[in-house]
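Trainee: Show me the folded form of this:
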Amino acid sequence: KQSLRSLHEVLQSDATYEEFQKEVAKISKRETPYGPIACKMELPCEGEEPLVWHFCNPFALLYAICESCPAWSKFIQKCLGGRSGGLILYTDECTPGNALHPFNQREFTGIYYTIDKLPSWFRARKYGWLAVGYISTPKLKLVRGQLPGVCRHVLRYLYNPSGFSLSVGMLLPATTVLEKRFKLKLNLLCFMQDGKAHKVLSSTKGAGGMKCCSDCKNVGNFVDGHDQPLEGHPYLQHYALAVPSQFDLHTSASFFEMADKLADQHGKIGKGKFEDLQKHYGLNYDPDGMNYDKYLRSIYNPIDKTYWDPMHVLLQGGVAQYELNAFLYKAGELGVSLESVDVWMSEIHWPSGITTGPTGPKVLHLCVGRGSVLIEYEMCSTHNFFLKGAISKHVPFIFPVFPCRPCVSRQAQSFYIVCWPWLCPGLNMRCS
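Mentor: Purely as a prediction, here's the structure:
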């Protein structure tokens with residue numbers, strides 16, 4: 001094993017650096033029937049020269065991998081089984097080094113992709129996701145449309161109406177004697193991201209709009225004349241009170257109808273009225289985004305192509321937080337104070353990197369607000385694994401202290417289900 005410092009010194013040596021540069025240049029300039037692996041794309045910027053973005057050509061990369069590694073070619077043929085596959089795109093921000101550092105000059109956004117027909121065990125490993133490219137946050141802010149603008153150009157590249165298109169298919173080297181090529185055809189299945197990325201990508205307002213959910217026409221932050229949640233309306237429903245039977249769901253056609261109305265009214269009505277219209281639709285007018293590219297509407301729409309990142313749904317402001325809140329709320333009704341829970345948490349020997357309490361960087365923080373329990377999370381995947389030991393050790397001993405009341409039993413069972421993947425050694429979490 002080498003330390004990062006010694007590895008850095010080795011790479012900085014002239015001989016090693018030159019060798020490394022030659023190897024990178026050799027791979028990136030490798031020619032395929034679909035062009036070189038390393039490509040350039042001009043991204044239009046506001047009032048400036050276009051930004052030249054270096055990215056990895058997915059057509060060329062897939063071809064080169066299949067040509068260089070017959071085992072991979074055979075593997076992907078077996079996974080596809082002669083069928084078309086689905087392309088899954090993922091975008092996320094990353095800050096190298098100390099993620100808690102207040103400055104984000106080094107922050108970048110990565111765009112990745114995978115194929116839905118690949119088995120889940122493979123997609124969960126190192127090479128299960130391939131990179132389209134990376135762009136630093138300061139440069140991303142210069143691009144017209146920012147993240148939606150970049151993704152728009154990426155989709156137009158992958159589904160080029162006058163060039164190579166994954167929807168038409170591409171020929172890759174095969175390994176069988178009878179067949180020298182096999183066809184890979186990928187239609188866009190979805191973008192898999194967290195809530196923030198989906199909101200940015202789909203140009204929706206989220207909680208900042210009257211309609212906080214992009215899937216529904218009639219569910220939102222609707223209030224009465226006294227700023228109380230709206231009740232009893234035959235159509236409009238408040239998000240805190242609505243049940244699934246009351247949802248009037250959007251279709252791609254009804255969603256794009258809103259976008260077209262915004263585009264039509266832009267510049268025709270006053271700025272204040274236009275902002276109100278955006279707020280009531282829960283949608284922003286972004287002419288450089290994907291919603292307003294008529295060609296891409298047959299490929300992408302926020303209604304059918306949105307898939308929520310399972311780890312965020314479960315852990316970060318998602319199901320786990322909701323279940324913990326409900327569980328501790330019931331515990332409070334039975335006389336278990338939050339102070340005693342705080343004391344219990346302080347007695348756990350947490351691994352380094354996890355802190356608790358109201359001050360400083362926190363992973364878990366218990367507090368009381370408006371008569372209910374609130375548990376705040378700031379958790380990354382590494383912290384998630386750290387918590388595994390604490391939860392598996394302490395949670396099984398929590399349930400016996402509560403009386404066997406039906407309501408508490410349901411809360412305990414529900415919370416236990418959330419913790420179940422951590423409590424069972426060797427059980428792998430998977431999303432279908």
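Trainee: so what's the most centrally placed residue in the chain bridging to?
Mentor: Note on the chain: the residue nearest the mean C-alpha position is Q193, at 1.4 Å, using C-alpha atoms, centre = their mean. Counting by DSSP bridges, Q193 is bridged to W308.
Trainee: Quick check, it in contact with L201.
Mentor: Yes - in terms of C-beta atoms under 8 Å, Q193 counts as a neighbour of L201; the distance is 6.9 Å. Where you see a C-beta, it was placed from the backbone N, CA and C, and this is true even at glycine.
Trainee: quick one, what contacts L166?
Mentor: P58, F59, L87, L158, Y159, L184, K185, L186, N187 (C-beta atoms under 8 Å, 6 or more residues apart in numbering).
Trainee: what's the answer for S136, then?
Mentor: S136 neighbours (C-beta under 8 Å, 6+ apart): R106, E107, F108.
Trainee: That one and F108, how far apart?
Mentor: 5 Å (C-beta to C-beta, to the nearest Å).
Trainee: Find residues that contact each of these two.
Mentor: By C-beta under 8 Å, 6+ apart, no residue touches both S136 and F108.
Trainee: could you flag which of the contacts of L166 are buried?
Mentor: Among the contacts of L166, the ones that count as buried by 16 or more other C-beta atoms under 10 Å are P58, F59, L87, L158, Y159, L184, L186.
Trainee: biggest separation within the residues you listed, which pair?
Mentor: By the measure C-beta to C-beta, Y159 and L184 form the most distant pair in the buried ones among the contacts of L166, at 13.9 Å.
Trainee: if we can go back for a sec, could you export the buried ones among the contacts of L166 to CSV, including columns for secondary structure?
Mentor: What follows is the buried ones among the contacts of L166, written out as CSV (DSSP: H, G, I helix; E, B strand; the rest coil):
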residue, secondary structure
P58, helix
F59, helix
L87, strand
L158, helix
Y159, strand
L184, strand
L186, strand
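Trainee: Closest one to Y281 out of those residues, please.
Mentor: Y159 (27.0 Å).
Trainee: For that closest one, give me its contacts.
Mentor: S165, L166, S167, L188, L296, I299.
Trainee: So how do I select the buried members of those residues in ChimeraX?
Mentor: Those of those that count as buried under 16+ other C-beta under 10 Å are selected in ChimeraX with:
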select :165,166,167,188,296,299
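Trainee: So which of the contacts of Y159 sit within strands?
Mentor: L188 (DSSP state E).
Trainee: what is the mean pLDDT for stretch 170-183?
Mentor: Confidence over stretch 170-183 (mean pLDDT, whole number) is 82.
Trainee: What residues sit buried inside it?
Mentor: Neighbour-count burial for stretch 170-183 [16+ other C-beta under 10 Å]: M170, L172, P173, A174, T175, F182.
Trainee: And stretch 62-79, by the same measure?
Mentor: Buried, per 16+ other C-beta under 10 Å, within stretch 62-79: L62, Y63, A64, I65, C66, W72, S73, F75, I76, Q77.
Trainee: ok, how many other residues are close to the closest residue to Q105 other than its chain neighbours?
Mentor: Spatial nearest neighbour of Q105, excluding adjacent residues (C-beta to C-beta, 6 or more residues apart in numbering): P138 at 6.8 Å. When counting by other C-beta atoms under 10 Å, one arrives at 12 neighbours for P138.
Trainee: helix, strand or coil for P138?
Mentor: Per three-state DSSP, P138 ends up helix.
Trainee: these two touch, right, it and F108?
Mentor: No - counting by C-beta under 8 Å, F108 is not a contact partner of P138; they are 9.4 Å apart.
Trainee: circling back to that earlier point, export the contacts of L166 to a markdown table and append columns for distance to L324.
Mentor: Shown next, in a markdown table, are the contacts of L166 (distance: C-beta to C-beta, whole Å):
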| residue | distance to L324 |
| --- | --- |
| P58 | 40 |
| F59 | 46 |
| L87 | 36 |
| L158 | 40 |
| Y159 | 42 |
| L184 | 44 |
| K185 | 44 |
| L186 | 39 |
| N187 | 39 |
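Trainee: Got the phi and psi for the nearest residue to L61 once chain neighbours are set aside?
Mentor: Among residues not flanking L61 along the chain, I37 sits closest, at 5.4 Å (C-beta to C-beta, 6+ apart). For I37, the backbone dihedrals (degrees, to the nearest 10) come out as phi -70, psi -40.
Trainee: Quick check: the residue nearest to the centre of the chain vs S214, distance?
Mentor: 13 Å.
Trainee: which residues touch the residue nearest to Y307 when sequence neighbours are not counted?
Mentor: The shortest distance from Y307 to any residue other than its chain neighbours is 4.1 Å, reached at C190 (C-beta to C-beta, 6+ apart). Contact analysis of C190 by C-beta under 8 Å, 6+ apart lists G86, I88, L89, D304, K305, T306, Y307.
Trainee: out of those, who has the most neighbours?
Mentor: Neighbour-wise, these (other C-beta under 10 Å) top out at L89, 24 neighbours.
Trainee: And what about it, helix, strand or coil?
Mentor: L89 ends up strand, using three-state DSSP.
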